[in-house]
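[1] Can you look at this prediction? I've put the sequence above it.
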Amino acid sequence: MHEPGEVRIPIGPQHPALKEPESFLINLRGEKITSSSVRLGYNHRGIEKACEDRTYIQDLYLIERICGICSHSHSTCFVQAVEEIAGIDVPIRAKYIRTLIAELERIHSHLLWLGVAGHEIGFDTLLMYTWRDREIVMDLLALLTGNRVNYGINTIGGVRRDIKPEQKEEVIKGIDILEERTKYYIGLAQEESTILKRLKGVGVLSQEDAKKLGVVGPTARASGVERDTRRDDPYAAYGELDFKVITNKLCDVYGRTLVRLGELMESYSMVRQIIQKIPDGSISVKFLRKVPVGEAVSRYEAPRGEDFHYVRSNGTEKPDRVKVRAPTLANIQAVSKMLEDRYLADMPIVVAAIDPCFSCTDRLIAIRDLGRRGKNTVAWESIRLKGIEWYKKQGVDFTVLNKKLAELF
Amino acid sequence: MSMITKVINWSRRKSPWVLHFNTGACNACDIEIIASLTPCYDLERFGILLKGTPRHADILLCSGPVTKQVECRLLRIYEQMLEPKFVVAVGTCACTGGVFSGCYNIDGGINSVLPVAAYIPGCPASPKAIIDGVTKLLESLEEKPKENKK
Amino acid sequence: MTEEEKIKQELEEGFAYLKDLVIIKRKGRIFADISLEKFAEVFDYSVKQMRFETISAITGIDTGNGFSVIYHLNREGKIMLNLKVDLSKEYPEVNTVTAYFPSADIYEREIVDLLGIKVNGLSEGNRYPLPDKWPKDEYPLRKDWKGISSKKEVQDA
């Protein structure tokens, strides 16, 4: 697979990313990546098998813990499938509450991504700022659901907690502050030359490749593929909300950044609409423990893309088969394509740009020079710093920007 | 104890360097660990620094139920750390396996593979709990300075 | 006539044996049960002529007296067409669809690993999701699988 004169680097597998920590095998000639392949499966916990041994309600708590960042996505997607098989009509107020938590989750996830992307390119101040702003959303989520992560707000037939009027005011206050800050980040992304140099032209995926490889979410929308499950296959209360699907044709990491920033602004508008429009009524209906025989497919637009659940029931209180296809699985195969003909220095940001749920911990890399014997162990942190140093030599230096911003606030 | 040893022990207690490792978790505990390093919770004011390599770390912060593939890597990382070293299990999955206990690809909590010094339960463990747990571990070291040999 | 009804009609007109086997569950969800011999032509028609050009997932199920494989296709993210094919317990085999969808590679490896279904034509590559040293003939998602038998153990990779 590799030519003489090339160095092969395995990157991974201890990847902090939950469901799909990946191991990349990268072939390098000098600084350029000639080809790469991906090996997945390091975080396989046997959840689909475990679901068959537990009742539907127990499965709800298990499915929620597939991913800590999009826990509400998985939980809602699963519950929608079960409710479809059981023929349960969820009250409209419950749908609105689910949508509210869903949009707050999208806000927290995109701010998290923004910080992580900043960290990968060397812009640590952005990490600190966006995660500080993210605390506002975490406080709102804790206020509404009782927990910062893994909300447990869903139950089969509706939601478990109601929203009080004082909580609505708090949500609006928080969203107002966040909108101001996000406008500042958008200005930064569009004007700051260091960011533009690091993100433009990196990790290119053409529209044709995006369609062929079946990528989803912001990765697809930044390549001109206008797909959004909230608009194409409406669920919960999205049919009654007014929002735009943010796309652009830039096809690179910069495009993905702009899509996520645009989605943040749309989410703020949606949260305001929900708070204003939420109808009165009950928040759940009764669910009998046994679900009749049937099957259902449920789709949801998680912050990372289309989340897909398939549930099959056999008339008992335990499901017959639960299948989950998370959005990162659809996107990870495109990374090999995106890394072609790029420099090693861009590897951290290209992987981070598809938002593989989280990329902040150490990975060990063994570099083996095919000409000589012996191995050298290098940490991910070193590869990240190598990238930053490499770009410094090209004239892209974030230390000045870090200092300026730290002085401003 | 000689003066040098006293100074070294003092600096270990006052400024432990941590390595964070995820052994197959859902990531909720991991983002809470990172959140505790950012403004609002800020672990660095306690002298705690997040390092990228096991060779520099005193404390291993582990999250997640140990999946079978990750087991030998976890052991390898632990062996690369220098004495004295401590393992902290963050989150219910790391303590006992959590919701995943009994699954076919899981060993159980971290204590099925490594000796754990402190357990921080929670699903996920909130940043306040993480700070509380780590500082409790440091306090316990202060009371019995002779017992920090493994 | 709704979009879903048009699709149902088109399938039933193109393939007479599909009468009564195409079910519209609700808006945006169509399920079709197809026999193994006719599967290739129906699949080809759905992807090429009817433009269901995206695949969301491939689900493998152990039904007790055999296996089922469901291909979840969609057209521009809007309507889902779920094509199900039943396989026998003794010879569970399907042909690969990676010629139509390169990204289906990973979904097919999943059913190979977890259920032991043979996919003809799948290229060489890393397995997914089980570890490299997982013992042979242990398929976790089969209904009769209760754990690794004590004689075999998972060696560390």
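    Great, that's in hand.

[2] Sketch out the low-pLDDT regions of chain C for me.
    Screening chain C residue by residue with the criterion pLDDT under 70, one finds the ranges C:148-157.

[3] Quick check: the residue of it nearest chain A.
    Nearest residue of chain C to chain A (C-beta to the nearest C-beta) works out as residue C:129 at 3.4 Å. C-beta: built from backbone N, CA, C; applies to glycine.

[4] Need the three-state assignment for that residue.
    coil (DSSP: H, G, I helix; E, B strand; the rest coil).

[5] what number of residues lie near the residue in chain B positioned nearest to chain A?
    Proximity of chain B to chain A (C-beta to the nearest C-beta) peaks at residue B:28, 2.6 Å away. If you count neighbours by other C-beta atoms under 10 Å in any protein chain shown, residue B:28 ends up with 28.

[6] Give the closest residue to it in space, chain neighbours not counted.
    Spatially, and ignoring its direct neighbours in sequence, residue B:28 is nearest to residue A:68 (2.6 Å; C-beta to C-beta, 6 or more residues apart in numbering or on different chains).

[7] how about the one you found, secondary structure?
    Following three-state DSSP, the label given to residue A:68 is coil.

[8] quick one: it from residue B:20, how far?
    Relative to residue B:20, residue A:68 is positioned 14 Å away (C-beta to C-beta, to the nearest Å).

[9] just residue A:256 next, same as before
    Applying C-beta to C-beta to residue A:256 and residue B:20 gives a distance of 26 Å.

[10] what about the two, which has more around it?
    A direct count of neighbours by other C-beta under 10 Å for residue A:256 and residue B:20 places residue A:256 higher, at 29 against 24.

[11] Dihedrals phi and psi, the residue nearest to the more buried one when sequence neighbours are not counted?
    Closest residue to residue A:256 in three dimensions, ignoring its sequence neighbours and counting by C-beta to C-beta, 6+ apart: residue A:222, at 4.3 Å. Recorded main-chain torsions at residue A:222 are phi -80, psi -10, according to degrees, to the nearest 10.

[12] Now do the contacts for residue A:222.
    Under the criterion of C-beta atoms under 8 Å, 6 or more residues apart in numbering or on different chains, the neighbours of residue A:222 are A:247-248, A:250-252, A:255-256, A:258-259.

[13] Just the pLDDT at it, thanks.
    pLDDT, residue A:222: 93.

[14] Any figure for the gap between it and residue A:161?
    From residue A:222 across to residue A:161, the span is 36 Å (C-beta to C-beta).

[15] Next: residue B:134.
    Applying C-beta to C-beta, one obtains 32 Å for the distance of residue B:134 from residue A:161.

[16] more crowded one of those two?
    Per other C-beta under 10 Å, whichever of residue B:134 and residue A:161 has more neighbours is residue B:134, with 23 against 16.

[17] Give the full set of residues in contact with residue B:114.
    Under the contact definition (C-beta under 8 Å, 6+ apart), the residues listed for residue B:114 are B:60, B:62, B:74-75, B:78, B:87.

[18] Would you mind naming what in chain C lies close to chain A?
    Applying C-beta under 8 Å from any C-beta of the partner chain, one finds that chain C approaches chain A through C:25-26, C:28-29, C:31, C:53-57, C:59, C:61, C:70, C:72, C:76-78, C:80, C:82, C:101-103, C:105-107, C:114, C:125-131, C:140-141.

[19] In helices, which of these appear?
    Restricting the residues of chain C next to chain A to those inside helices, with DSSP state H as the criterion, leaves C:105-107, C:114.

[20] Quick one: the residues you listed as a markdown table, columns for neighbour count too.
    Compiled in a markdown table, these are given as follows (neighbours: other C-beta atoms under 10 Å in any protein chain shown):
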| residue | neighbour count |
| --- | --- |
| C:105 | 18 |
| C:106 | 23 |
| C:107 | 26 |
| C:114 | 22 |
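
[21] Just the closest of these to residue B:47, please.
    Within those, proximity to residue B:47 (C-beta to C-beta) peaks at residue C:106, which comes in at 44.5 Å.

[22] Residue of the stretch 101-250 of chain A closest to chain B, please.
    In the stretch 101-250 of chain A, the residue that lies nearest chain B is residue A:131 (3.9 Å; C-beta to the nearest C-beta).

[23] and that residue, which of the three is it?
    helix.

[24] what number of residues lie near it?
    Using other C-beta under 10 Å as the criterion, the residues surrounding residue A:131 number 25.

[25] so where's chain B uncertain?
    B:1, B:143-150.

[26] what does it put close to chain C?
    For chain B, the residues in contact with chain C under the definition C-beta under 8 Å from any C-beta are B:68-69, B:71-72, B:104-105.

[27] for the ones in helices among the residues of chain C next to chain A, which one is nearest residue A:279?
    Of all those, residue A:279 sits closest to residue C:107, with 40.1 Å by C-beta to C-beta.

[28] Residue A:59 is in contact with residue A:51, correct?
    Yes: taking C-beta atoms under 8 Å as the contact criterion, residue A:51 and residue A:59 are neighbours in contact, 4.8 Å apart.

[29] Show me the common contact partners of those two, please.
    Once C-beta under 8 Å, 6+ apart is applied, the residues that residue A:51 and residue A:59 both contact turn out to be A:319, A:322.

[30] how close does the residue of chain B closest to chain A sit to chain C?
    21 Å (C-beta to the nearest C-beta, to the nearest Å).

[31] quick check, residue A:296 in a helix?
    No: membership of residue A:296 in a helix is not supported by three-state DSSP, which gives strand.

[32] Surely it touches residue A:79?
    No: under the criterion of C-beta under 8 Å, residue A:296 lies out of contact with residue A:79, with a separation of 11.0 Å.

[33] between these two, which one's more packed in?
    In terms of neighbours (other C-beta under 10 Å), residue A:79 is the more surrounded of residue A:296 and residue A:79; the figures are 28 against 20.

[34] Nearest spatial neighbour of that one, chain-adjacent residues omitted?
    With C-beta to C-beta, 6+ apart as the measure, residue A:154 is the residue that lies nearest to residue A:79, at 4.9 Å, once sequence neighbours are left out.

[35] and residue A:346, backbone torsions?
    The phi and psi values for residue A:346, taken as degrees, to the nearest 10, are phi -90, psi -10.

[36] What pLDDT does the model give it?
    pLDDT, residue A:346: 78.

[37] Just give me the neighbour total for residue A:187.
    Residue A:187 sits with 10 neighbouring residues when counted by other C-beta under 10 Å.

[38] Please state the offset of the helix or strand hosting it from the chain centre?
    With elements delineated by DSSP states H and E, residue A:187 resides in helix A:165-191, which encompasses its position. Relative to the centre of its chain, helix A:165-191 is centred 20 Å away, using C-alpha atoms, centre = their mean, to the nearest Å.

[39] Equivalent analysis for stretch B:27-34, please.
    13 Å.

[40] isn't residue A:188 right up against residue A:195?
    Yes: between residue A:188 and residue A:195 a contact is recorded at 6.9 Å, counting by C-beta under 8 Å.

[41] Looking only at neighbour counts, state which of these two leads.
    Shown here are residue A:188 and residue A:195; by other C-beta under 10 Å, residue A:195 has more neighbours (22 against 17).

[42] Next one: the more buried one relative to chain C, how far apart?
    Per C-beta to the nearest C-beta, residue A:195 is found 31 Å from chain C.
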